[in-house]
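Chemist: 3D model of this:
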Amino acid sequence: MSDADATFNSLVGDLDYPMFIVTTCAEGERAGCLIGFATQTSIDPSRFLVCLSRSNHTYRVARRARTLAVHWVPADAADLAELFGGETGDAVDKFSRVAWHPGPGDAPILGGCPNWFVGRILERVGAGDHDAFLLEPVAAHRGAAEEEFTFHRARRIEPGHPA
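Modeler: Numbers count the residues shown, from 1 in each chain. A predicted model of the protein is given here:
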């Protein structure tokens, strides 16, 4: 790793941005994971970018999906963050452990996350060890305003898949 890479990683490691849970369904197979690499990319038209690790089970399902659901994780939902960040769908049916219902494109909508949207996948782009999924919102729900579960809290979660 170069000095620039090490310094860059140190700088971004200090950011405390919100974590999200992304869920999806393709050909009847559900998947979901905790992510930190996501951002709005456009106001008009509305666009959002989600990055999924190529080593993640959710990534493999998302490659075949048409939609992704993006959930804002409430600060008091550490159990959800642990489940979707610390377990892998290769070994565990995460959805048997939580309340959920199917949303547009059969993307699972998590009962424990009152703020979410479902986006149609417009593009998939390689982005290093992750792929970026550009989303166009097709449905959204805003529940009560809540504090978010953040990156610094998620750092203690042991990933459910190899990094």
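
Chemist: going by C-alpha atoms from here, please, whenever you check contacts or count neighbours.
Modeler: OK.

Chemist: tell me the bridge partners for the residue minimising distance to the centre of the chain.
Modeler: Nearest to the geometric centre of the chain sits residue 22, at 3.1 Å (Cα atoms, centre = their mean). Beta-bridge partners for residue 22, by DSSP bridges, are residue 33, residue 70.

Chemist: which residues touch it?
Modeler: Residues in contact with residue 22 (Cα atoms under 8 Å, 6 or more residues apart in numbering) are 32-35, 68-71.

Chemist: of the residues you listed, closest to residue 82?
Modeler: Closest approach to residue 82 among the contacts of residue 22 (Cα to Cα): residue 34, at 8.4 Å.

Chemist: for the closest one, give me the pLDDT.
Modeler: Here, the pLDDT recorded for residue 34 equals 93.

Chemist: picking up where we left off before, ok, the residue nearest to the centre of the chain to residue 51 distance?
Modeler: 10 Å (Cα to Cα, to the nearest Å).

Chemist: how about residue 31: what's its closest non-neighbour residue?
Modeler: residue 58 (5.0 Å; Cα to Cα, 6 or more residues apart in numbering).

Chemist: tell me what the helix or strand encompassing the one you found is packed against?
Modeler: For residue 58, the host element (DSSP states H and E) is helix 57-62. Packing partners of helix 57-62 (3 or more Cα pairs under 8 Å, 6 or more residues apart in numbering; DSSP states H and E): strand 20-26, strand 29-35, strand 47-53.

Chemist: each with direction, which strands does the helix or strand just after the second one pair with?
Modeler: Tracing the chain past strand 29-35, the next element assigned as helix or strand by DSSP H and E is strand 38-42. For strand 38-42, the paired strands and their directions (DSSP bridges) read strand 47-53 (antiparallel).

Chemist: residues making contact with the strand it pairs with?
Modeler: Residues from elsewhere that reach strand 47-53 (Cα under 8 Å, 6+ apart): 35, 37-42, 58-59, 127, 129-137.

Chemist: are any of these buried, and if so which?
Modeler: When these are checked for burial by 16 or more other Cα atoms under 10 Å, the buried set is 35, 37-38, 58-59, 130-137.

Chemist: hang on, the earlier thing: make CSV out of the helices and strands packed on helix 57-62 and add distance to residue 109.
Modeler: CSV is the format used below for those (distance: least, Cα to Cα, whole Å):
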stretch, distance to residue 109
strand 20-26, 7
strand 29-35, 10
strand 47-53, 16
